[in-house]
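1. Sequence and predicted structure below; questions after.
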Amino acid sequence: MPKLITGVGCPYCGSSCDDLEVLISDDETKVLEVHNACIIGNNLFHHANDPTRPRLPRQRQPDGSMKEIPYEEAIDYFAKTLLAAKKPLIYGFGSTNCEGMSAVGRIAEKAGAVLDNCATICHGPSFLAMFDNGYPSCTLGEAKNRADVVVFWGCNPMHAHPRHTSRYSIFPRGYFTGKGQMARTVLSIDPRETDTAKLADVHLMLDQGHDYELFDAFRTVLRGHDIPDKVAGIDKETIIKAVDIMKKARFCMIFFGMGCTHTDGRNHNIDAAISLTRDLNDHTKCSIMAMRGHYNIAGPGQVWSWQFGFPYCIDLSKGTHAHMNPGETSSIDLAMRDEVDCFVNVGADAGAHFPIQAVQHLKKHPFIAVDPNFCMASEIADLHIPVRIAGVDEPGVVYRMDNVPIQFKAVLKGLPGVPSDEELFDRVYERMCELTLTQPIWLAAKEHRKYPHNTNPMVS
Amino acid sequence: MAEIIVKGGFVIDPTRKIDGDVGDVAIKDGKIVDKVSSSAKVIDAKGKVVMAGGVDVHAHVAGPKVNVGRLYRPEDKLLSGFCRSAMAQKNGYRMESGFSIPSTFKTGYDYARMGYGFVMEAAMPPIHSPHVHEEIHDTPIIDEAALPVFGNNWFVMDYLKKGEVENTASYIAWLLKATKGYGVKVVNPGGTAAWGWGLNCVSLDDPVPYFEITPREIIKGLIEANEYLGLPHSMHVHQNDLGNPGNYKGTIDSLKISEGVKPKNKFGREQVMHSTHLQFHSYGGTGWGDFESKAKEVMDYVNKNKALTVDTGNVTLDETTTMTADGPFEHHLQGLNHLKWCNVDVEMETAAGVVPYVYDPNIKVCDIQWAIGLELALYAKDMNRIFITTDHPNAGPFTRYPRVMKWLMSRKARESVLNSFKHKDKVIAATTLHQIDRELTLFEIAQMTRSGPAKCLGMSNIYGGLAPGMSADVAVFDLNYKNMPSDPDMIEKAFQRAACFIKSGEVVVKDGEVVSNGHKKTVWVNVNMPENPQVKRDITQSFTKDYTVQLENYSVKDYLAPHPFVINVDVEA
């Protein structure tokens, strides 16, 4: 009899929807149906069934081909490679669970590595702005239950976070927003006429790369001063009207994305956005939120902040203390200056998403990819180690884009013999300790966490 | 397990009224015992003070707002000195970082170095409880518990508005189980709910928008619900109007709400209200110009009312980070110092704000705050009802507790700080500290940091004392009871680095250095009471309509609190 599992979390985008229902086969090895997910989430679960999913590590041979090797051998190579490297870089963690991120912290400390995550190529500018200006924000339920004015600045949830507008930002009928979309005014500030812009009540189609001036103009108007007739390609009247809408809101919610972080101004755009939010709080209630891309990319920022004090670009190579200096200790910059001598790619795809020169530099050294499936990074790696898919055949804690922790379930039994990220890293750590004749440091939690392969204690 | 005997020290144990007698403390299998065999490991405590492990009743050490503080303050990691000590992997310990908001590893190690064995995370937003527990299990050595916040919770406000104390109690029981929480924390009651719309409740009778319930009603109702359940700890409150000149009157009015309610519990707890970081609530004057201490007035009331316990919230004159569920206060603070401001409103439940703050000794107001914190303790009559805290990290980092102890024990040390102030005369005019001769004794310090807080939390049979049966948390300090140092800095130094600290029967600190990662426990309270169909339905409804997470994913899973110590409370129908 197929089993229906409810309350399933979707391990794809930063919406981290946990209301999915998945119908699985009687033997708990196949996904039959997925309900409530968007098309991306739907595909993700069905992909877990893919019979070509690798079940053994694959190591690059001298002739360029890949050969399957047992996990023990892969773990040994991994441990030795990390220990031999003077400054390995361990990057990724957009798509795995917090238990894995925690386990890799131990390894990174031991190896004296640089620990970095996708924020370094994504919302890093948002972190830089936060370090200077703070972050007046809220959980998504606050937006759902209160927001009557919603601003999407440089982001397009209809594509990047498909159920965001249904679950949180435009359509839901919340506690104080019973009329749903009818009682919300939506502003889209985007140089393109995206699907979100088409849905919005007001679309400010600004000149690309001029967000900073527009944020500044908004602030100027809000403070009662005059602005030029046109700023960033938008008419003065339109700007004044938009500010008026935001100022008169009961609760104004600003969502922003790559349109602000990755265009001219970068972290300064976010800084201006946060300043605008702070200014608006003198008039009404206003919060801002970064549209984090992955379902658990907030995870490493949280886990490593409580373990090391920094959310990304963490240089542990000194051995005595952690050090963060984006620009110096960030993945791309380290790669471009050829300052790392080993690269580990986990739960992300540096092969696809790093600039090609960075990949070329990294490829001069041992390159290890940890990923449930084949990806560009695994196809150029010296070693590809498959692991379970967090949220599908491995449970764990994830942090949604608003930093709310959600305990994701596993819906399938794991592939036989394939470990989770956490288990893999712990075995690598133990091997590193054996090789250096040191004792592994398990804090209280670890001793009871070692679980045997192939059981899913958290499926409830 | 191991047998240990801590031999020949000056034992200070208020729970057995022992004040400096030379004696031994015997430990076996993690507990204090009457005696041990001759094969026990000997810890020589001759010429040194021996106390139980410290109990911190209120510190922000684990959770989302603590972590946002770490995340957005890279500069907090840049201070040199012991924060960057070479204690990483090769020595068998995790890396440490952070001054005002230490990493979880540093938190555990630093508390242990000071001989503290138990810390209460002061405010846990329920929806973030998995996060709090993740940080707790990453904090080595010390046992911890966390207090979920209830004072701005929509269920609580709804039920109490209708006078439904029993339903409130059922909800509290459910939430404690779901979040693996310890007790009832109330922060800026009603005001933080109002902050959801950018508003606040500054007086006890300001109604919360929409919910139309007042802070007074929330406080009263939660005290009643707490006693209905008979929880180990009392209702624990951070009053309204924190930090504003003249707030002392509102504070006393809030404290008076405890009158007439009898404590009901099987844990030896005698108070019905614990009022936290009282320093921030003992302000006189009408503005910053005539800002003054009202510590005496507040303590006059606290001394009279035996149903109260308080903790000080001492300002330590450091650069630190403020963080509190009093969201509107943090917004107000960033308007004063214009520093970076984080805010997180939490759906249905609470909010939090974070703003860095520099308690500059050159600023008169900061100096007066410093004096107020000390005056509160020095005016106290029953040292078992007032505890040392810094509302870490709000008034200062917890690593300053030894400095606070030094100030309380030495008038010379206090005067030395007072004399260093740029505006010394104005500070003296606005406070009474200069006129106070009292110097606290080691026994009184032990009451304020061991026996008192343990009893207040309903755990006097476990922590805070050295009686047989209690957890073997034993601290040895390099202080000669019969020949105390004339230099007060030596007092601070002794408490900063314990000569030896044994946690749950395991030596974890030796000569001020961490020697083990210990085996910490997560403590939480499990209330057993008959199921309440009304509350169950209300909870299900709310998760279906208003929350953005599923009810079945909300409760903290067992593996996140891997070494639980569960205190069971049985409530009759």
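-> Looks like it came in fine. Keep in mind it's a predicted model, so treat the numbers as computed, not measured.
2. would you list every one of the strands in the stretch 201-350 of chain B?
-> B:235-238, B:273-275, B:283-284, B:292-293, B:308-311, B:319-324, B:341-346, B:350-358 (DSSP state E, counting those that start in this stretch).
3. Outside of the first one itself, list whatever touches it.
-> Outside of strand B:235-238, the residues within contact range by Cβ atoms under 8 Å, 6 or more residues apart in numbering or on different chains are B:58, B:122, B:147, B:151, B:183-189, B:219, B:222-223, B:226, B:254, B:272-277, B:324-326. Any C-beta I mention is one placed from the backbone N, CA and C, and that applies to glycine too.
4. If we ignore the residues flanking it in sequence, what's nearest the residue of chain B found nearest chain A?
-> Chain A sits closest to residue B:347 of chain B, with a gap of 2.7 Å, by Cβ to the nearest Cβ. Of all residues not flanking residue B:347 in the chain, residue A:141 sits nearest, at 2.7 Å (Cβ to Cβ, 6 or more residues apart in numbering or on different chains).
5. tell me which element the one you found falls in.
-> helix A:140-146 (DSSP states H and E).
6. So which residues make contact with that helix?
-> A:150, A:167-169, A:172, A:174-177, A:250-251, A:253, A:285, A:287, A:289, A:400-402, A:404, B:196-197, B:345-348, B:546-548.
7. for the helix or strand of chain B with the lowest mean pLDDT, packing partners?
-> Of all the helices and strands that make up chain B, strand B:513-514 has the lowest average by mean pLDDT, DSSP states H and E, namely a mean of 92. Contacts defined by 3 or more Cβ pairs under 8 Å, 6 or more residues apart in numbering or on different chains; DSSP states H and E place strand B:513-514 against helix B:104-113.
8. if I pick residue A:244, what's in contact with it?
-> Per Cβ under 8 Å, 6+ apart, neighbours of residue A:244: none.
9. re earlier: pull out the buried members of the contacts of helix A:140-146.
-> A:150, A:167-169, A:172, A:174-177, A:251, A:253, A:285, A:287, A:289, A:400-402, A:404, B:196-197, B:345-348, B:546-548 (16 or more other Cβ atoms under 10 Å in any protein chain shown).
10. on that earlier part again, okay if I get the strands of the stretch 201-350 of chain B as a markdown table plus mean pLDDT?
-> Formatted as a markdown table, the strands of the stretch 201-350 of chain B follow (pLDDT from 0 to 100):
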| stretch | mean pLDDT |
| --- | --- |
| strand B:235-238 | 98 |
| strand B:273-275 | 98 |
| strand B:283-284 | 98 |
| strand B:292-293 | 98 |
| strand B:308-311 | 98 |
| strand B:319-324 | 97 |
| strand B:341-346 | 98 |
| strand B:350-358 | 98 |
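11. Distance to residue A:239 for these - can I get that in TSV?
-> Formatted as TSV, the strands of the stretch 201-350 of chain B follow (distance: least, Cβ to Cβ, whole Å):
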stretch	distance to residue A:239
strand B:235-238	42
strand B:273-275	49
strand B:283-284	43
strand B:292-293	48
strand B:308-311	51
strand B:319-324	35
strand B:341-346	25
strand B:350-358	30
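12. Return the subset of the contacts of helix A:140-146 lying in strands.
-> Secondary structure from DSSP state E places A:150, A:251, A:253, A:285, A:287, A:289, B:345-346 of those in strands.
13. What parts of the stretch 451-573 of chain B come near chain A?
-> The stretch 451-573 of chain B comes close to chain A at residues B:517-521, B:545-553, B:556-557, B:559-560, B:562-563, as judged by Cβ under 8 Å from any Cβ of the partner chain.
14. And the buried ones among these, selectable in ChimeraX?
-> Buried subset of these, written as a ChimeraX selection, criterion 16+ other Cβ under 10 Å:
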select /B:517,518,519,520,521,546,547,548,549,550,553,556,557,559,560,562
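15. Let's see which of the residues of the stretch 451-573 of chain B next to chain A end up in helices.
-> Taking DSSP state H as the definition of helices, those contribute residue B:545.
16. hang on, the residue of chain B closest to chain A packs against residue B:548?
-> Yes - contact criterion Cβ atoms under 8 Å: residue B:347 and residue B:548 qualify, at 6.6 Å.
17. Pull up the overlap in contacts between those two.
-> Shared contacts of residue B:347 and residue B:548, counting by Cβ under 8 Å, 6+ apart, come down to A:139-141, A:144.
18. Residue B:373 is in contact with residue B:391, isn't it?
-> No - with contact defined as Cβ under 8 Å, residue B:373 does not reach residue B:391; the gap is 9.7 Å.
19. intersection of neighbour lists for those two?
-> residue B:313.
20. In the chain, where is pLDDT below threshold?
-> No chain was given, so I picked chain A. A:444-460 (pLDDT under 70).
21. My question was about chain B, not that one.
-> In chain B (pLDDT under 70), the answer is B:1, B:79-90, B:573.
22. Which strands or helices does the host helix or strand of residue A:104 pack on?
-> Element membership of residue A:104 [criterion: DSSP H and E] is helix A:98-111. When contacts are defined as 3+ Cβ pairs under 8 Å, 6+ apart, helix A:98-111 sits against helix A:71-84, strand A:88-92, strand A:114-117, helix A:298-308, strand A:396-399, helix A:421-436.
23. what's the closest of the ones you listed to residue B:162?
-> strand A:396-399 (35.7 Å; Cβ to Cβ).
24. so, in contact with chain B or not, the helix or strand that that closest one is followed by?
-> The first helix or strand that comes after strand A:396-399 along the chain, using DSSP H and E, is strand A:405-408. Yes - interface with chain B: strand A:405-408 contributes A:405-408 (Cβ under 8 Å from any Cβ).
25. now the residues you listed as JSON lines including neighbour count and distance to residue B:289?
-> Output for the residues of strand A:405-408 next to chain B, formatted as JSON lines (neighbours: other Cβ atoms under 10 Å in any protein chain shown; distance: Cβ to Cβ, whole Å):
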{"residue": "A:405", "neighbour count": "28", "distance to residue B:289": "45"}
{"residue": "A:406", "neighbour count": "25", "distance to residue B:289": "49"}
{"residue": "A:407", "neighbour count": "26", "distance to residue B:289": "52"}
{"residue": "A:408", "neighbour count": "27", "distance to residue B:289": "55"}
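26. just to revisit the earlier point, which of the shared contacts of residue B:347 and residue B:548 lies at the shortest distance from residue B:214?
-> Checking the shared contacts of residue B:347 and residue B:548 against residue B:214 with Cβ to Cβ, the nearest one is residue A:141 at 24.9 Å.
27. separation between the closest one and residue A:20?
-> 18 Å (Cβ to Cβ, to the nearest Å).
28. Kindly report the same for residue B:148.
-> From residue B:148 to residue A:20 the distance is 28 Å (Cβ to Cβ).
29. Tell me the secondary structure of residue A:361, please.
-> helix (DSSP: H, G, I helix; E, B strand; the rest coil).
30. what separates it from chain B, distance-wise?
-> Between residue A:361 and chain B the distance is 26 Å, computed by Cβ to the nearest Cβ, to the nearest Å.
31. contacting residues for the closest residue to chain B within the stretch 151-300 of chain A?
-> The stretch 151-300 of chain A approaches chain B most closely through residue A:285 (3.6 Å), counting by Cβ to the nearest Cβ. The neighbours of residue A:285, taking Cβ under 8 Å, 6+ apart as the test, are A:146, A:249-252, B:196-198.
32. ok, now how distant is it from residue A:188?
-> From residue A:285 to residue A:188 the distance is 21 Å (Cβ to Cβ).
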